[in-house]
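> next come a sequence and a model predicted from it.
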2 protein chains.
Amino acid sequence: MNDPSTKDRILDAAELLLAEQGLNATSLRDITSAAGVNLAAVNYHFRTKDELILAVFIRRVEPMNQLRLTLLDALAPDAPLEDVLGCFFRPVVHMAKHKALVARMYVERRDLFQQIFETHLRPNAQRFAQAFSQRLPGLCRVELGWRLHFLVGLMIHTLAAEPVLRALSGDPEPLKDLDAVVARLVAFGAGGLRAGAAMVEDFHA
Amino acid sequence: MNDPSTKDRILDAAELLLAEQGLNATSLRDITSAAGVNLAAVNYHFRTKDELILAVFIRRVEPMNQLRLTLLDALAPDAPLEDVLGCFFRPVVHMAKHKALVARMYVERRDLFQQIFETHLRPNAQRFAQAFSQRLPGLCRVELGWRLHFLVGLMIHTLAAEPVLRALSGDPEPLKDLDAVVARLVAFGAGGLRAGAAMVEDFHA
DNA sequence: GTATTATTTAAACGAACGTATGAACGACCC
DNA sequence: GGGTCGTTCATACGTTCGTTTAAATAATAC
């Protein structure tokens, strides 16, 4: 087993620290000293801090994205809403050790997040939007958008809030049993989507 | 109509910029030059940047908190779950022009958020936890904690994501009709809470 | 083995940051 | 009018940041 390359050691250390401390709060010096490499190595391998952040993120998003589509394709056409939600949530929850990075990215650097969304996530998102829409008849585009937005909110917030959950539940490792987390997200999400669907006519009455 | 004091002009400019650009990304020089005051005025009126951020936040949280309790107290003891959710969501959604600040705070400076939670929000949160619990019989402490956590996620994410909603729905001002936003949050939240409650025995089987 | 390329290193750059200082200014009281 | 106190001001301090440079070292090819 050969040592991980400098590039990989930077990526690993960056993933950990960026998720833990935030994007702006983590300096390149934090990362390189944690990785045991020289500061200038970041510039050599990634050019800038932004490109390093993108590389860290894409390394996890790429396979997660593929898994999502594989699961969705394997679903029966008449599979219930809950199964689609499972395909949506499970790969993200299982993705990485340092899940808070998603939320950090989303709030601290929406420009970078948007960039990744356009290049890596948009087709994926449209496939899921279609799968949800199919199982929530009578939902117009705007309302569907809001509900998808709520789903993303559930997910991001859950992944970001390990310390809060720890304090709230007393469980020292609230995100340990990932399947239970997925089940909770699926149940809550399905209930919200269905109740929301029932309200549509109220808004447009 | 006398001019607003230096202190207020700093608070106003800070609220706008901190929400727009983020906590770390906004410098005191950004704030003071937007407010048209001297840089050192921050130090004079608030001592440090952290204390300024706290002051900005507390100025909005204080009345919002009081309104929340007033609404909850005015509720009939047998009011439905949706009404409690309304008391929970409405004051936050209506709170300030620059709502993203809540999310910024939550992700970028959880230490400050925690500090405000302990000193300003905890009793409030317990009142609501009790009101929810009362209407969701058979929910253990842990599961209730998860569901409250999901509610907070819905709220924060919604307030933070105006630009995303804009892109997603095509609506140029998706957070303009605040009552519609509250209605959507209430419907989705109630559906999620109830569906979650129905799943409890599965987890503990 | 030497030449060429790829990688790592120490050191420094200029810029931006939060904070601190001491002088100037203004309103107000005696 | 002089003195006091709260406020505003220009300016500077020390630090840290992302980025760059050029030399040193390792790896590869001929």
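Yes, it's here. Computed from a predicted structure; not experimentally measured. Numbers count the residues shown, from 1 in each chain, chains lettered A, B, ... in the order given.

> and the residue nearest to residue A:26 when sequence neighbours are not counted, how far is that from DNA strand D?
In this structure, residue A:26 finds its nearest non-sequential neighbour in residue A:17, 4.7 Å apart by CB to CB, 6 or more residues apart in numbering or on different chains. The C-beta positions use only the backbone N, C-alpha and C, and glycine is treated the same way. To DNA strand D, residue A:17 is 11 Å away according to CB to the nearest atom of the strand, to the nearest Å.

> if I pick residue A:17, what's in contact with it?
A:26, A:30-31, A:34 (CB atoms under 8 Å, 6 or more residues apart in numbering or on different chains).

> which of the helices or strands spans it?
Residue A:17 belongs to helix A:6-21 when elements are defined using DSSP states H and E.

> same thing with residue A:181?
Assigned by DSSP H and E, residue A:181 belongs to helix A:178-203.

> ok, now residue A:137?
For residue A:137, there is no host helix or strand (DSSP H and E).

> before we move on, what about the one 5 residues further on?
Residue A:142 belongs to helix A:141-160 when elements are defined using DSSP H and E.

> so which bits of that helix are buried?
A:142-160 (16 or more other CB atoms under 10 Å in any protein chain shown).

> stretch A:86-103 now?
So for stretch A:86-103, counting by 16+ other CB under 10 Å, buried means A:86-93, A:95-96, A:98-103.

> related to what we said a few turns ago, average model confidence for the helix holding residue A:17?
Averaged across helix A:6-21, the pLDDT comes to 95.

> angle of it against helix A:141-160?
For helix A:6-21 against helix A:141-160, the angle by axes from the mean of the first three to the mean of the last three CA atoms, to 10 degrees is 100 degrees.

> returning to that earlier point: touching chain B at all, the helix holding residue A:142?
Yes. Contact of helix A:141-160 with chain B (CB under 8 Å from any CB of the partner chain) involves A:141-142, A:145-150, A:152-154, A:156-158, A:160.

> likewise for stretch A:71-89?
No. With CB under 8 Å from any CB as the measure, stretch A:71-89 is seen stopping short of chain B, the closest distance being 9.5 Å.

> ends of that stretch, what's the gap?
11 Å (CA to CA, to the nearest Å).

> residue B:106 versus residue A:104, what's the distance?
11 Å (CB to CB, to the nearest Å).

> kindly report the same for residue A:33.
With distances taken as CB to CB, residue A:33 is found 28 Å from residue B:106.

> same question for residue A:143.
Noted for residue A:143: a distance of 26 Å to residue B:106, by CB to CB.

> ditto for residue A:63
Taking CB to CB, one finds residue A:63 at 29 Å from residue B:106.

> which outside residues touch the least confident helix or strand in chain A by mean pLDDT?
In chain A, no helix or strand scores lower on mean pLDDT, DSSP states H and E than helix A:162-169, which sits at a mean of 75. If you take CB under 8 Å, 6+ apart as the criterion, helix A:162-169 is touched by A:99-100, A:158, A:171-175, B:110, B:141-142, B:145-146, B:148-149.

> quick one, what contacts residue A:91?
Here residue A:91 is in contact with A:64-65, A:67-68, A:71 (CB under 8 Å, 6+ apart).

> what about 10 Å?
Each residue near residue A:91 by CB atoms under 10 Å, 6 or more residues apart in numbering or on different chains is listed here: A:61, A:63-72, A:182.

> quick check: pLDDT value at residue A:141.
Here the pLDDT value assigned to residue A:141 is 83.

> again but with residue A:2, I slipped
57.

> re earlier: avg pLDDT for the helix holding residue A:181?
The average pLDDT within helix A:178-203 is 82.

> can you tell if stretch A:28-39 touches chain B?
No. Judged by CB under 10 Å from any CB of the partner chain, stretch A:28-39 stays clear of chain B, getting no closer than 14.1 Å.

> ok, back up a step: the more surrounded of residue A:33 and residue B:106?
More crowded of residue A:33 and residue B:106, by other CB atoms under 10 Å in any protein chain shown: residue B:106, with 25 against 13.

> distance of that one relative to residue A:50?
Taking CB to CB, one finds residue B:106 at 23 Å from residue A:50.

> residue A:142 now?
Separation of residue A:142 from residue A:50 (CB to CB): 33 Å.

> what of residue A:137?
Taking CB to CB, one finds residue A:137 at 43 Å from residue A:50.

> okay, those two: which has more neighbours?
Counting neighbours by other CB under 10 Å for residue A:137 and for residue A:50 shows that residue A:50 has the greater number, 14 against 7.

> can you give me phi and psi for that one?
Per-residue torsions, residue A:50: phi -60, psi -40 (degrees, to the nearest 10).

> got the contact list for it?
With contacts defined as CB under 10 Å, 6+ apart, residue A:50 is in contact with A:23, A:109, A:111-112, A:115.

> excluding chain neighbours, what is closest to residue A:24?
residue B:24 (3.9 Å).

> ok, that neighbour touching residue A:108?
Yes. Shown here, residue B:24 and residue A:108 form a contact pair, counting by CB atoms under 10 Å, at 7.5 Å.

> need the overlap of contacts for those two.
Joint contacts of residue B:24 and residue A:108 (CB under 10 Å, 6+ apart) are A:22-25, B:104, B:108.

> pick the one among these closest to residue A:124.
residue A:23 (23.3 Å; CB to CB).

> just give the number of residues close to the closest residue to that closest one other than its chain neighbours.
Residue nearest to residue A:23 in three dimensions, not counting chain neighbours: residue A:108, with 4.5 Å by CB to CB, 6+ apart. The number of residues packed near residue A:108 is 23, by other CB under 10 Å.

> surely residue A:108 and residue A:18 touch.
Yes. Residue A:108 lies in contact with residue A:18 (CB under 10 Å); the separation is 9.5 Å.

> which neighbours do those two share?
Counting by CB under 10 Å, 6+ apart, the residues touching both residue A:108 and residue A:18 are A:24-25, A:53.
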